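Participant: Next comes the sequence, and after it the predicted model I'd like to discuss.
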Amino acid sequence: MKASRALAIPYVVWVLIFTVVPLGLVVWFAMTDTDGKLTLDNIFAMSEYMSVLFRSILFAIVATIICLILAFPAAYIISRANKINQSTLIVLLMVPMWINFLLRTYAWMTLLEPNGLINKLFGIFGLGPYPLINNSGAVILGMVYNYLPFMILPLYSVMVKIDQSVVEAAQDLGSNKVRLVTKILLPLSMPGISTGIIAVFVPSVSTFIISRMLGGGTNDLIGDIIEMQFSGNSYNPHLGSAMALVLMIIVMFMMSLFNQFGSEEEVIL
Amino acid sequence: MENTIISLRNAVVEYDGQQILKSISLDIIDKQFVTLLGPSGCGKTTTLRIIGGFAEMASGELFFNGVSIKNLPPHKRQVNTVFQKYALFPHLNIFENIAFGLRIQKLPEEEIRKRVGEMLELVNMPGYEKRSINSLSGGQQQRIAIARALVNRPKVLLLDEPLGALDLKLRKDMQIELKRMQQDLEITFIYVTHDQEEALTMSDTVVVMKDGMIQQIGTPQDIYNEPKNAFVADFIGESNIIDGIMRRDFLVEFAGKSFECVDKGFRTNEPVDVVVRPEDIKVVPQEEGAIVGVVENIVFKGVHYEITVDASGYKWIIQSTRSEEVGSVIGMNITPEDIHIMHKTEAIR
């Protein structure tokens, strides 16, 4: 008993140094001014950035929904393939993730630019150029592209456990494709859906690289503003910490609301 | 009176370039209990899946009441299936599992409640509506799977080894119950099993299959008493199968002796399979026996003893109510009616 507890000590120390202490520092910075005096000014200063915060949450929600719509059929098809095809498809899905995140997003820039590959292709047919980059659509596209695997993988791991005979039983009892999805596949995939939503929403809501590279400076997200407070011209770690804290609280609140809903589903499971 | 409800014509199923079914033709009579019987890999489950709509034929036809349903998806067929692993919906309680098909038909709530209640009565599980699937034993899950299929009042119920996972006692009880349900509801049952005893107990018609071909179709009595070939004889109950030569009509030679028999119509001196059931061999004193052998082994089986006798190389299996000494020499007699002669051919179509 004691030996097993001793084994936990390195982990506890790790968590203390790298999670609890930094979190405490963030809270401390958020609640103090440059002189180290307690204040709530930083929190109130957030009100200036409410539209950015709102946009970040909206973009993240849209990206998450698109990911879910794309990932659900993809994960189902992979889960019904034979064993060899399953592993091949999963590897193909993972390969882009092994390439550097920045590089992948740069690639989209060269594709979407006014004289990028896609517009050149349109040009052959005498079309365009279309404004494909530096707008909100490009930012959401970047989020979907980068985080889609995080939705497919948890969905796949749940769906692969759904017995084919359960699917056949539903068809046997009169389910067409729509009913098969709404009455059987969706409810049985709920644990994977909630994991996938968190795995896509959380990095999307706090990203700053995607919006900077594909948003063209007009679509700054809360992540960009926070980053500026620490490394930009408007250096102000107190305000940055306050923003990070507020964002964290909002995300935690949304996730707990969501889990409430998710865990109800699991009771029926 | 005897209506054919399902008719399979020259059904061929291929998988990975291998023929799983080799041109099967089969007529299922309405309101009968039909069993597809055979060892694993014989194509019996595939045949069931064709009827259910879950397997595709490379060629062939499938008729339901005379209408081709080959291209009809499963959810539009008037058959329901009880799956081998029950395949209950884990996210729904018992009531919703059984009501699943009725909700799709959009029946009024009152009707649904009434019919689910009736079904739970039928499978002897009244009052289980609100329970979760995970709280049930294997036998109970099987009953719910049967109720879920029968509540839709299908014309034909397909059952894929539904009792395979149950223990012997429970299996015997369920066999009787299934037969009772089939008779009460007057529904055609197509039942897949590899258990020959199960097939004989429940069926009106038994279809014996092997290697994707039908070996014999008949009543349980036919199949047991008049097996068409050595495979059927061996698969249905235990059998002694000996090489013999048909000397002329009503006279066969095996085990170095000539025996009178009741079979005719073979070529003169045709090599044949001679099948004798273990219970049809009479143990007599050595000097009175047509065949003489040494008792090699004896096993008590409850109702009878199973005796292995070595007679010049061939090991005969005999069922006898009397025990014998191991090592003693005994005689064996077989009456002409109990000698079954079979062509040395493989499958018949």
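Facilitator: On my side now, so go ahead. Numbering: from 1, shown residues only, chains lettered A, B, ... in the order given.

Participant: Need phi/psi at the residue in the stretch 151-300 of chain B that chain A sits nearest to.
Facilitator: Residue nearest to chain A within the stretch 151-300 of chain B: residue B:152 (6.7 Å; CB to the nearest CB). The way it works is simple: take the backbone N, C-alpha and C, and place the C-beta from them, glycine included. With angles defined as degrees, to the nearest 10, residue B:152 sits at phi -80, psi 0.

Participant: wait, isn't it in contact with residue B:104?
Facilitator: No. With contacts counted by CB atoms under 8 Å, residue B:152 stays clear of residue B:104, the gap being 9.0 Å.

Participant: secondary structure element for the most centrally placed residue in chain A?
Facilitator: Nearest to the geometric centre of chain A sits residue A:200, at 2.3 Å (CA atoms, centre = their mean). Here residue A:200 sits within helix A:186-206, counting by DSSP states H and E.

Participant: And for the closest residue to residue A:202 other than its chain neighbours, the neighbour number?
Facilitator: Residue nearest to residue A:202 in three dimensions, not counting chain neighbours: residue A:251, with 6.2 Å by CB to CB, 6 or more residues apart in numbering or on different chains. Residues within reach of residue A:251, counting by other CB atoms under 10 Å in any protein chain shown, total 17.

Participant: check contacts around residue A:251.
Facilitator: By CB atoms under 8 Å, 6 or more residues apart in numbering or on different chains, the contact set of residue A:251 is A:201, A:202, A:205, A:206.

Participant: same deal with residue B:332?
Facilitator: Neighbouring residues of residue B:332 by CB under 8 Å, 6+ apart: B:281-284, B:289-293, B:309, B:311, B:316, B:318.

Participant: Selecting buried members of those residues in ChimeraX, what would you type?
Facilitator: Selection of buried members from the contacts of residue B:332 for ChimeraX, criterion 16 or more other CB atoms under 10 Å in any protein chain shown:
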select /B:281,282,283,289,291,292,293,309,311,316,318
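
Participant: need the contacts of residue B:332 in a markdown table with secondary structure and pLDDT, can you?
Facilitator: What follows is the contacts of residue B:332, written out as a markdown table (DSSP: H, G, I helix; E, B strand; the rest coil; pLDDT from 0 to 100):
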| residue | secondary structure | pLDDT |
| --- | --- | --- |
| B:281 | coil | 91 |
| B:282 | strand | 91 |
| B:283 | strand | 91 |
| B:284 | strand | 91 |
| B:289 | coil | 88 |
| B:290 | coil | 89 |
| B:291 | strand | 90 |
| B:292 | strand | 91 |
| B:293 | strand | 91 |
| B:309 | strand | 92 |
| B:311 | strand | 88 |
| B:316 | strand | 92 |
| B:318 | strand | 92 |
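
Participant: and the residue lying closest to residue B:72 once chain neighbours are set aside, how many neighbours?
Facilitator: Sequence neighbours aside, residue B:53 is the residue nearest to residue B:72 in space, at 6.5 Å (criterion: CB to CB, 6+ apart). When neighbours are counted by other CB under 10 Å, residue B:53 registers 22.

Participant: And residue A:56, by the same measure?
Facilitator: 27.

Participant: any idea which helix or strand carries it?
Facilitator: Per DSSP H and E: helix A:50-80 holds residue A:56.

Participant: chain center to the following helix or strand past the helix holding residue A:200, what's the gap?
Facilitator: Next in sequence after helix A:186-206, counting helices and strands by DSSP H and E, comes helix A:209-215. Mean-position distance between helix A:209-215 and its chain equals 15 Å (CA atoms, centre = their mean, to the nearest Å).

Participant: Check which helices and strands helix A:209-215 sits against.
Facilitator: helix A:101-112, helix A:136-159, helix A:222-231 (3 or more CB pairs under 8 Å, 6 or more residues apart in numbering or on different chains; DSSP states H and E).

Participant: Close to chain A: what parts of the stretch 51-200 of chain B are there?
Facilitator: The stretch 51-200 of chain B comes close to chain A at residues B:52-54, B:73-75, B:79-81, B:83-85, B:87-93, B:100-101, B:104-105, B:148-149, B:152, as judged by CB under 8 Å from any CB of the partner chain.

Participant: Report how many residues lie close to residue 109.
Facilitator: In the absence of a named chain, this looks at chain A. 15.

Participant: That was the other one, I meant chain B.
Facilitator: When neighbours are counted by other CB under 10 Å, residue B:109 comes out with 10.

Participant: tell me the helices in the stretch 51-200 of chain B, going along the chain?
Facilitator: B:94-104, B:109-122, B:138-150, B:168-185, B:196-202 (DSSP state H, counting those that start in this stretch).

Participant: sorry, back to before: tell me the predicted confidence for the residue nearest to residue B:72.
Facilitator: Residue B:53 is assigned a predicted lDDT (pLDDT) of 93.

Participant: and it, what is it in contact with?
Facilitator: Here residue B:53 is in contact with A:171, A:172, B:69, B:72, B:73, B:74, B:77, B:79 (CB under 8 Å, 6+ apart).

Participant: Out of those residues, which is nearest to residue A:187?
Facilitator: For the contacts of residue B:53, the residue nearest residue A:187 by CB to CB is residue A:171; the value is 16.2 Å.

Participant: who in chain A is up against chain B?
Facilitator: So chain A meets chain B at A:163, A:165-166, A:168-176, A:179, A:183-184, A:187-188, A:265, A:268-269 (CB under 8 Å from any CB).

Participant: one more time with 6 Å
Facilitator: Residues of chain A lying close to chain B (CB under 6 Å from any CB of the partner chain) are A:165-166, A:168-169, A:171-176, A:187-188, A:268-269.

Participant: low-scoring pLDDT stretches of chain B, where are they?
Facilitator: Within chain B, the ranges that satisfy pLDDT under 70 run B:1, B:345-349.

Participant: Settle it for me: which of residue B:152 and residue B:104 has more neighbours?
Facilitator: Legend: neighbour count by other CB under 10 Å for residue B:152 and residue B:104, higher for residue B:152 (21 against 17).

Participant: wait, what's in contact with that one?
Facilitator: B:80, B:101 (CB atoms under 6 Å, 6 or more residues apart in numbering or on different chains).

Participant: if we can go back for a sec, surely the residue nearest to the centre of chain A and residue A:153 touch.
Facilitator: No. Between residue A:200 and residue A:153 there is no contact, the gap being 10.8 Å when judged by CB atoms under 6 Å.

Participant: any idea how far residue B:229 lies from residue B:215?
Facilitator: Between residue B:229 and residue B:215 the computed distance is 6 Å (CB to CB, to the nearest Å).

Participant: so what sits against both of the two?
Facilitator: With CB under 6 Å, 6+ apart as the test, residue B:229 and residue B:215 reach no residue in common.

Participant: Got a quick PyMOL command for the buried subset of the residues of the stretch 51-200 of chain B next to chain A?
Facilitator: Buried residues among those (16+ other CB under 10 Å), as a PyMOL selection:
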select buried, chain B and resi 52+53+54+74+75+79+80+81+83+84+85+87+88+89+90+91+92+93+100+101+104+148+149+152
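
Participant: Residues contacting stretch B:313-326, please?
Facilitator: Looking at what lies outside stretch B:313-326 - CB under 6 Å, 6+ apart - the contacts are B:238, B:240, B:278-279, B:281, B:283, B:295, B:298, B:304-309.

Participant: got those as JSON lines, with distance to chain A and secondary structure columns?
Facilitator: Below are the contacts of stretch B:313-326 laid out as JSON lines (distance: CB to the nearest CB, whole Å; DSSP: H, G, I helix; E, B strand; the rest coil):
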{"residue": "B:238", "distance to chain A": "34", "secondary structure": "coil"}
{"residue": "B:240", "distance to chain A": "40", "secondary structure": "strand"}
{"residue": "B:278", "distance to chain A": "39", "secondary structure": "helix"}
{"residue": "B:279", "distance to chain A": "40", "secondary structure": "helix"}
{"residue": "B:281", "distance to chain A": "45", "secondary structure": "coil"}
{"residue": "B:283", "distance to chain A": "49", "secondary structure": "strand"}
{"residue": "B:295", "distance to chain A": "49", "secondary structure": "strand"}
{"residue": "B:298", "distance to chain A": "45", "secondary structure": "strand"}
{"residue": "B:304", "distance to chain A": "40", "secondary structure": "coil"}
{"residue": "B:305", "distance to chain A": "43", "secondary structure": "strand"}
{"residue": "B:306", "distance to chain A": "38", "secondary structure": "strand"}
{"residue": "B:307", "distance to chain A": "44", "secondary structure": "strand"}
{"residue": "B:308", "distance to chain A": "42", "secondary structure": "strand"}
{"residue": "B:309", "distance to chain A": "47", "secondary structure": "strand"}
